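Undergrad: pasting a predicted model and its sequence here:
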Amino acid sequence: MRFAEQWSWCTVDAISDVTPTIREFRLRPESGHVVPYPAGSHIGVTVLIDGQPARRSYSLVENSDAGTYRIAVRLAPDSRGGSRGMWNLKVGARIETSNPTSLLEIDWTRKNYCLIAGGIGITPITGIAAALRRGNIAAPLHYAVKSCSDAAFLDELTALLGDRLSVHASEQGARLDLDATFHALPDDAIAIICGPMRMLEAARRAWNDAGRAPADLRFETFGSSGLMPTAEFRVRLRDTDTELVVPQNSSMLDALNGAGFEVISDCQRGECGVCAVDVVAVEGEIDHRDVFFSDQQKRENRKICPCVSRAIGVVTIDTLYRPEAF
């Protein structure tokens, strides 16, 4: 959580390419101590983007080396620049990282789980799958990718899960059928999913159509995933003459806080809703990249999570921030 973050230095211990577009980094804390963390955790990193430090968040991959953190970063041209900054790192580089945090807690009283990953969304799922396996819960994993060459950690997952791993490669016509998958689950099953926004929204609709409890569908997200291209847009502040430009490599939250319009935040991953602000008007279209608001709330466009959501055009908002009068 933001108010409990602790930052320290790590050294890049090893780098390897696990697919043509996904690069793995092993980060060794200079303190010599890896903070214990639950499955599905992520860490923050400070990375240089266009010469300026910026913070990004990456999920921790299952790791047999107790002395390092293991993350994987997909090189994404249509992003805010974090992946390019990470890919520029070399072995031996120093990088500042936050302590691991997680918004996911495995309910060990439940014995039926289903795991779903799309693309780079496999990163937190690796740790969750391993934790469930250690807890004697044989959870199936559905891994959706464009092609088998894009499937990271395939050998590790096959060794861990065997025939409980199903790879759905769209180029081979093996698309994941969420409706059939959810209808086939036991009544008390919990599904955990991490993937692009289109997959998350499709999963939520299929889950609800199957008549399942909304709380039993758990999300892990990555904030660069949207329905529209990541591009510069503008934000106007209600009852002020202020108009801010949100560049492609920055979030609306960063732009607001940088201009002195302080917005309280927590997860900065579009999951908790703490940073949500009121939308007054939209000249263009909002790209809601959070998983906090329902589909109906997103259609109404009354609020936006500035930590991850973006827009095309101009959005007028009210942060409820008012400067103190002296």
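TA: Yes, it's here.

Undergrad: residue ranges with poor pLDDT in the stretch 201-326 of the chain?
TA: Scanning the stretch 201-326 of the chain for pLDDT under 70 picks out 221-225, 321-326.

Undergrad: now do the strands in it.
TA: 217-220, 233-237, 243-246, 277-287, 303-304, 310-318 (DSSP state E, counting those that start in this stretch).

Undergrad: among these, which comes closest to residue 266?
TA: Checking those against residue 266 by C-beta to C-beta gives strand 277-287 as the closest, at 14.0 Å. Backbone N, C-alpha and C define where each C-beta goes, glycine included.

Undergrad: not counting its own residues, what contacts the closest one?
TA: 226-228, 233, 236, 238, 263, 298, 301-304, 306, 309-320 (C-beta atoms under 8 Å, 6 or more residues apart in numbering).

Undergrad: which of these are buried, as a ChimeraX select command?
TA: Per 16 or more other C-beta atoms under 10 Å, the buried members of the contacts of strand 277-287 correspond to this ChimeraX selection:
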select :226,228,233,236,263,298,301,303,304,306,309,310,311,312,315,316,317,319
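
Undergrad: number of nearby residues for the closest residue to residue 66 other than its chain neighbours?
TA: Leaving aside its sequence neighbours, residue 66 sits nearest to residue 34 (C-beta to C-beta, 6 or more residues apart in numbering; 6.2 Å). The tally of other residues near residue 34 (other C-beta atoms under 10 Å) stands at 17.

Undergrad: just residue 115 next, same as before
TA: For residue 115, using other C-beta under 10 Å, the count is 25.

Undergrad: am I right that residue 53 sits in a strand?
TA: Yes. Counting by DSSP: H, G, I helix; E, B strand; the rest coil, residue 53 falls inside a strand.

Undergrad: for it, which residues make a bridge with it?
TA: In this entry, residue 53 is beta-bridged to residue 48, by DSSP bridges.

Undergrad: again, but for residue 25
TA: Going by DSSP bridges, residue 25 forms beta bridges with residue 15, residue 71.

Undergrad: verify the contact between it and residue 68 for me.
TA: No. Assessed by C-beta atoms under 8 Å, residue 25 is found out of contact with residue 68, at 9.2 Å.

Undergrad: give me the more crowded residue out of these two.
TA: residue 25 (25 against 19).

Undergrad: which residues touch the more buried one?
TA: Applying C-beta under 8 Å, 6+ apart, the residues near residue 25 are 12, 14-15, 70-73, 86, 89.
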